[in-house]
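> Sequence and computational prediction follow.
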Amino acid sequence: FCGTDMTIGADSALHRIMEVIDAITTTAQSHQRTFVLECMGRHCGYLALVSALASGADWLFIPEAPPEDGWEDHMCTRLGESRSKGSRLNIVIIAEGAQTRNGEPISSNYVKDLVVKRLGYDTRVTVLGHVQRGGTPTAFDRVLSSKMGVEAVVALLEATPETPACVISLCGNQAVRLPLMECVQMTKEVQKAMNEKRFEEAIMLRGKSFENNFNTYKLLAHQKPALSKSNFSMAILNVGAPAAGMNASVRSAVRVGLAQGHKVYSVNDGFEGLANGAVTEMNWHDVAGWTGQGGSLLGTKRTLPKTCMEKIVENIRKYNIQSMLVIGGFEAYEGVLQLVEARGQYDELCIVMCVIPATISNNVPGTDFSLGADTAVNAAMESCDKIKQSASGTKRRVFIVETMGGYCGYLATTTGIAVGADAAYIFEEPFNIHDLKINVEHLTEKMRNDIQRGLVLRNEKCHKYYTTEFIHSLYSAEGKGIFDSRMNVLGHLQQGGAPTPFDRNFGTKLGVKSVLWITDKLKETYRQGRVFANSPNTACVIGMTRKVMSYSPVTELKAQTDFEHRMPKEQWWLNLRLMLKMLAKYQTSFDEYVTGEIEHVTRRSLSIETGF
């Protein structure tokens with residue numbers, strides 16, 4: 001549907017597909033096989049494309065980009081090359097509407113027979129079908145549908161008889177209103193372009209996000225030898241706590257760096273590893289299969305550079321490192337800031353530096369979203385679903401659940417909306433005993449009349465004295481005779497697990513964008529035989545603000561950062577708090593609600609660089 005970044009249900013369908021691909025990948029440990037995976041998508045290849053990007057598939061068929069004539073030979077050569085380099089598994093993803101340039105359908109069985117006949121590989125077909133429509137909705141879909149539902153009601157209340165029909169759609173992290181007929185017209189234009197074999201235009205009309213996905217997939221799918229050596233070098237390291245999506249970022253950064261002709265080093269154990277010389281040169285196949293793995297395969301530590309600055313400088317000199325890509329949370333941002341501030345003392349630190357925000361807390365300044373936050377919200381949501389289900393059939397019960405996130409309340413708030421929490425206590429919204437009393441009385445009233453189970457979330461550092469134990473005791477005492485209470489601390493299960501499709505996809509694209517940015521800066525700052533980068537815009541945080549990719553100098557972000565509580569001073573997601581309270585049946589005023597802007601869908605608006 002043209003005009004929106006995502007439709008309700010697409011993220012859940014991607015989760016189902018990735019679960020199947022992850023299960024298939026593990027069978028390759030014992031069987032050398034080729035899998036042909038057929039996804040839904042009779043007219044649109046979005047699900048197949050994002051799945052291929054998130055899984056590192058060897059070949060992709062989508063309706064918008066039919067293969068060139070002679071593709072059979074090309075595909076078999078590609079699969080053969082992959083096997084010869086030690087891969088035990090080949091994945092071919094095909095949308096059900098895949099076709100040749102002449103409009104003839106390409107079936108999954110035809111691809112399977114082709115591989116068996118030409119290469120003799122053991123090949124299996126998996127048709128996912130309606131599996132993609134079922135299952136539990138993901139956190140993203142739950143929050144998106146809640147947000148769109150609220151916006152739709154507000155739009156109806158504000159409408160007059162003259163107001164044109166509109167569609168509620170998503171633009172980055174904001175709900176917007178688009179004229180219905182413009183969206184329909186642009187959606188028809190895509191099909192018209194495909195019917196008339198204007199395939200490049202069809203991809204463009206799908207929007208910049210679709211085009212970015214397609215170009216990124218083509219860039220990373222198979223090894224491209226660098227046209228020439230660049231004489232530049234780059235070090236990649238993970239800093240802070242592990243976050244899902246870190247490995248996807250490292251994989252794409254390594255491969256794009258090599259394709260640009262750079263010498264790429266990986267550093268184990270963050271800044272401490274750099275100080276100890278744990279530096280290894282990377283090759284294309286060293287990062288094969290990293291996309292779907294959780295945690296940090298490079299190893300990560302919270303050590304900051306100021307504790308070992310001399311040794312870091314010594315190893316930067318020893319390995320002639322000219323740029324650094326730091327993937328991590330608040331420590332990564334703080335660490336790069338320390339390195340930039342030490343440039344006056346050490347010439348070796350006048351190199352290009354880029355931070356990719358990766359933390360479950362989503363507390364890095366300069367971006368609306370951090371890698372790992374989506375996976376953590378889904379992990380917390382699944383746990384809360386199970387906790388609520390544990391009380392089905394029993395007497396009335398309230399659960400007090402503690403989430404991670406440091407002082408940042410993003411996890412508690414987003415999970416709260418996804419699971420229908422009755423309250424979510426966070427540091428950014430101060431509360432006192434009077435507020436707690438109102439919450440307990442409100443929940444007691446609901447328990448008497450409407451509901452059997454209650455859920456209250458508490459961010460781990462939301463209050464020094466009102467601890468999870470205290471809130472549990474308070475609810476237990478005040479609810480006596482009406483409900484009983486149980487306490488759960490979710491802990492580190494929020495940091496683990498396989499990355500969600502969003503984190504794999506976002507991490508992959510951040511890795512690509514950051515290396516291309518680093519390459520441009522290396523060329524700009526190369527003079528008299530060396531890189532000398534000492535201006536503020538040569539050390540940046542790459543992030544997504546609304547839907548535009550931004551590069552914010554770490555020195556400029558300093559003024560926007562609360563270092564004591566390790567988070568930005570202003571956070572976009574606080575707008576969601578009003579919706580959380582309204583859905584928990586609190587009396588809320590819509591005076592504070594930020595309504596969606598009216599935007600238009602044109603060829604120009606679809607071609608705007610979104611970065612995601």
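Perfect, I can see it now.
> now the helices: where do they sit in the stretch 51-200 of the chain?
Using DSSP state H, counting those that start in this stretch, the helices of the stretch 51-200 of the chain run over 71-84, 108-119, 139-158, 180-195, 199-205.
> Extract the CA atoms of whichever helix or strand comes after the shortest one and return them as PDB.
In the C-terminal direction, the helix or strand that comes right after helix 199-205 (DSSP states H and E) is helix 208-220. Backbone C-alpha positions of helix 208-220 (Å, rounded to 0.1, in the frame of the first residue of the first chain) are rendered in PDB as follows:
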ATOM      1  CA  LYS A 208      12.700   4.800  -1.000                       C
ATOM      2  CA  SER A 209      12.600   2.300   1.900                       C
ATOM      3  CA  PHE A 210      11.800  -0.600  -0.600                       C
ATOM      4  CA  GLU A 211      14.500   0.700  -3.000                       C
ATOM      5  CA  ASN A 212      17.100   0.900  -0.200                       C
ATOM      6  CA  ASN A 213      16.300  -2.700   0.900                       C
ATOM      7  CA  PHE A 214      16.700  -3.900  -2.700                       C
ATOM      8  CA  ASN A 215      20.000  -2.100  -3.300                       C
ATOM      9  CA  THR A 216      21.400  -3.200   0.100                       C
ATOM     10  CA  TYR A 217      20.500  -6.800  -0.600                       C
ATOM     11  CA  LYS A 218      22.300  -6.700  -4.000                       C
ATOM     12  CA  LEU A 219      25.300  -5.100  -2.400                       C
ATOM     13  CA  LEU A 220      25.700  -7.800   0.300                       C
END
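> Give me the contact list for the helix or strand just after helix 208-220.
Using DSSP H and E, the helix or strand that follows helix 208-220 towards the C-terminus is strand 233-239. For strand 233-239, the external contacting residues (C-beta atoms under 8 Å, 6 or more residues apart in numbering) are 246, 250, 253-254, 257, 262-267, 270-271, 273-274, 279, 282, 296, 298-302, 319-329, 331-332, 335, 358, 515, 518. To be clear about C-beta, it is placed using only N, CA and C from the backbone, and glycine gets the same treatment.
> And strand 233-239, how far out from the chain middle?
20 Å (C-alpha atoms, centre = their mean, to the nearest Å).
> Convert the C-alpha atoms of that strand to PDB, please.
Only the C-alpha atoms of strand 233-239 are listed here, as PDB (Å, rounded to 0.1, in the frame of the first residue of the first chain):
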ATOM      1  CA  SER A 233      41.900   1.000   7.100                       C
ATOM      2  CA  MET A 234      39.000   0.600   9.500                       C
ATOM      3  CA  ALA A 235      38.500  -1.000  12.900                       C
ATOM      4  CA  ILE A 236      35.100  -2.300  14.000                       C
ATOM      5  CA  LEU A 237      34.400  -2.900  17.700                       C
ATOM      6  CA  ASN A 238      31.400  -3.500  20.100                       C
ATOM      7  CA  VAL A 239      31.200  -1.500  23.300                       C
END
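> just to revisit the earlier point, among the contacts of strand 233-239, which are located in helices?
Members of the contacts of strand 233-239 lying in helices (criterion: DSSP state H): 246, 250, 253-254, 257, 270-271, 273-274, 331-332, 335, 515, 518.
> Let me know the closest of these to F506.
Nearest to F506 among these is M246, at 11.4 Å by C-beta to C-beta.
> What number of residues are in the vicinity of that closest one?
A count of neighbours around M246, defined by other C-beta atoms under 10 Å, yields 31.
> just checking, it touches T375?
No: at 10.6 Å, M246 does not count as touching T375 under the criterion of C-beta atoms under 8 Å.
> Pick out the residue nearest the middle of the chain.
D503 (2.9 Å; C-alpha atoms, centre = their mean).
> what about that one, distance to R42?
D503 sits 28 Å away from R42, going by C-beta to C-beta, to the nearest Å.
> Check Y475 too.
From Y475 across to R42, the span is 51 Å (C-beta to C-beta).
> who's more crowded, those two?
Applying other C-beta under 10 Å to Y475 and R42 shows that Y475 carries more neighbours, namely 26 against 10.
> how about the nearest residue to that one, chain neighbours excluded?
S485 (4.6 Å; C-beta to C-beta, 6 or more residues apart in numbering).
> swap in N439?
A423 (4.9 Å).
> before we move on, what about K197?
Closest residue in space to K197, ignoring its immediate chain neighbours: R101 at 6.7 Å, by C-beta to C-beta, 6+ apart.
> Kindly report the same for K85.
In space, K85 comes closest to H285 once its chain neighbours are excluded; the distance is 5.6 Å by C-beta to C-beta, 6+ apart.
> ok, how many other residues are close to that neighbour?
Using other C-beta under 10 Å, H285 is surrounded by 13 other residues.
> for it, helix, strand, or coil?
Secondary structure assignment for H285 (DSSP: H, G, I helix; E, B strand; the rest coil): helix.
> For it, give its distance to G299.
20 Å.
> same deal with A13?
Distance of A13 to G299, computed by C-beta to C-beta: 34 Å.
> likewise K218?
K218 sits 31 Å away from G299, taking C-beta to C-beta as the criterion.
> Contacts only, for the residue nearest to Y475.
Shown in contact with S485 (C-beta under 8 Å, 6+ apart): R397, V398, F399, I400, H472, Y475, S476, G479.
> Show me what counts as buried in the helix or strand harbouring it.
According to DSSP H and E, S485 maps onto strand 484-489. Buried residues in strand 484-489, counted by 16 or more other C-beta atoms under 10 Å: S485, M487, N488.
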